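Asker: 3D, please:
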Amino acid sequence: MTQTSQPPTLENRQHKPRKTKIYSILGDSEHRIILRVLADADEPVSLEELTRETLRDEEYDRDVSVSILEGLMLDIYLPVLDSTGAIETDAGYNRIGPGEDHEAYLQMAEALDEVYEQHFGGV
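Answerer: You can find the predicted model right below:
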């Protein structure tokens, strides 16, 4: 009798983030900036604080208003980062802080920035 392998059950599967998802997240400068801002903060920040600090970052080179960036944060950036475990938020995005996988994403982002600077120089 031959034994066939059974696919792992949902409970037994390890859920690792896919490389393509990680690359797409780290390829977005806004995501990298948010990771850095949260790493530099002593405690979770409000949406307003995160928006202000993102606009101040030297890598952020868009000319947008605070209200537009807040909308982008709510609609795009924060939900994506929250879904990966890179950040943790409350229901109304009043408190935004590092998530369980924040350090891993931050280390990858910093490594990418370092390699970029070595090969191409500057931001």
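
Asker: Where does pLDDT dip in this structure?
Answerer: 1-16, 122-123 (pLDDT under 70).

Asker: can we see that at 80?
Answerer: Within the chain, the segments meeting pLDDT under 80 span 1-17, 61-62, 122-123.

Asker: Contact partners for E100?
Answerer: By Cβ atoms under 8 Å, 6 or more residues apart in numbering, the contact list for E100 reads G85, E88. (Each C-beta comes from the backbone N, C-alpha and C, glycine too.)

Asker: Is it in a helix, a strand, or coil?
Answerer: Under DSSP: H, G, I helix; E, B strand; the rest coil, E100 falls in the coil class.

Asker: how far away is it from T84?
Answerer: Applying Cβ to Cβ, to the nearest Å, the value for E100 to T84 is 10 Å.

Asker: now do E53
Answerer: For E53, the distance to T84 equals 20 Å [Cβ to Cβ].

Asker: Where does D113 sit, in terms of helix or strand?
Answerer: For D113, the element it lies in under DSSP states H and E is helix 102-120.

Asker: residue ranges of the helices in the chain, please?
Answerer: Ranges of helices in the chain, per DSSP state H, are 19-26, 29-40, 47-56, 66-72, 78-84, 102-120.

Asker: So which bits of the last one are buried?
Answerer: What that stands for is helix 102-120. Using 16 or more other Cβ atoms under 10 Å as the test for burial, helix 102-120 gives H102, Y105, L106, M108, A109, D113.

Asker: could I get that helix in CSV with only the CA atoms?
Answerer: Output in CSV follows, covering the C-alpha atoms of helix 102-120 (Å, rounded to 0.1, in the frame of the first residue of the first chain):
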residue,chain,number,x,y,z
HIS,A,102,7.8,45.6,12.7
GLU,A,103,11.4,44.9,13.5
ALA,A,104,11.8,42.4,10.6
TYR,A,105,10.3,44.8,8.1
LEU,A,106,12.4,47.7,9.4
GLN,A,107,15.6,45.7,9.2
MET,A,108,14.8,44.7,5.6
ALA,A,109,14.0,48.3,4.7
GLU,A,110,17.2,49.6,6.2
ALA,A,111,19.2,46.9,4.4
LEU,A,112,17.7,47.9,1.1
ASP,A,113,18.4,51.6,1.7
GLU,A,114,22.1,50.7,2.6
VAL,A,115,22.6,48.6,-0.6
TYR,A,116,20.9,51.4,-2.7
GLU,A,117,23.3,54.0,-1.2
GLN,A,118,26.3,51.8,-1.8
HIS,A,119,25.5,51.3,-5.5
PHE,A,120,23.7,54.6,-6.4
